[in-house]
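Engineer: The sequence isn't on hand, but the structure is:
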């Protein structure tokens, strides 16, 4: 592992120690580790992005950005291979973690909101509520939930 990767890993570990309870590791997929990070304020795309960047992380879009999966995706978002599971990031993560394609049936994704550019024509993100088995929640109507964020995993070998 190179010096830059080691320093990045140390920085992430330091951040994780200072934010216990405010983030939760979800899974690692295609060289990215995914986390739910506690946000403050309305769950808009702007807030999801700012929460991830404030945590030293990147943010995925609703679509994976890989291959044909670029509808609700921008080049600022991460891109990852979905192995043909589904083009939609929450469904890929739900399938990997909970063995169901339905994110609202995956408790680990509860209260999570993902960046979804131009959904409803505005700045709202897309969310999941496990407790009410609801999905496609309009983020602008919710506050103080979790942003879906990602960080490159230097120990993952791809290709």
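Structural biologist: Here it is on my side, so go on. As the structure is a prediction and not an experimental result, all values here were calculated from the model.
Engineer: Do you have the helices of this protein handy? List them.
Structural biologist: 3-18, 45-54, 89-98 (DSSP state H).
Engineer: list the contacts for the nearest residue to residue 124 once chain neighbours are set aside?
Structural biologist: Once flanking residues are discounted, residue 124 sits nearest to residue 140: 4.2 Å by CB to CB, 6 or more residues apart in numbering. (Glycine included, C-beta is placed from N, CA and C.) Taking CB atoms under 8 Å, 6 or more residues apart in numbering as the definition of contact, the neighbours of residue 140 are 42, 43, 44, 122, 123, 124, 125.
Engineer: now the residue lying closest to the fifth one once chain neighbours are set aside: how far from residue 124?
Structural biologist: The shortest distance from residue 123 to any non-neighbouring residue, by CB to CB, 6+ apart, is to residue 44 (4.5 Å). Distance of residue 44 to residue 124, computed by CB to CB, to the nearest Å: 6 Å.
Engineer: Return every residue with contacts to both of these two.
Structural biologist: Both residue 44 and residue 124 are contacted by 139, 140, under the criterion CB under 8 Å, 6+ apart.
Engineer: So, low pLDDT: which residues of this structure?
Structural biologist: Judged against pLDDT under 70, the low-scoring parts of the chain cover residues 1-21, 155-159.
Engineer: Residue 134: how many residues sit nearby?
Structural biologist: Applying other CB atoms under 10 Å, we find 11 residues neighbouring residue 134.
Engineer: With residue 40 instead?
Structural biologist: Residues near residue 40, counting by other CB under 10 Å, number 12.
Engineer: Over to the one 3 residues further on?
Structural biologist: Residues near residue 43, counting by other CB under 10 Å, number 28.
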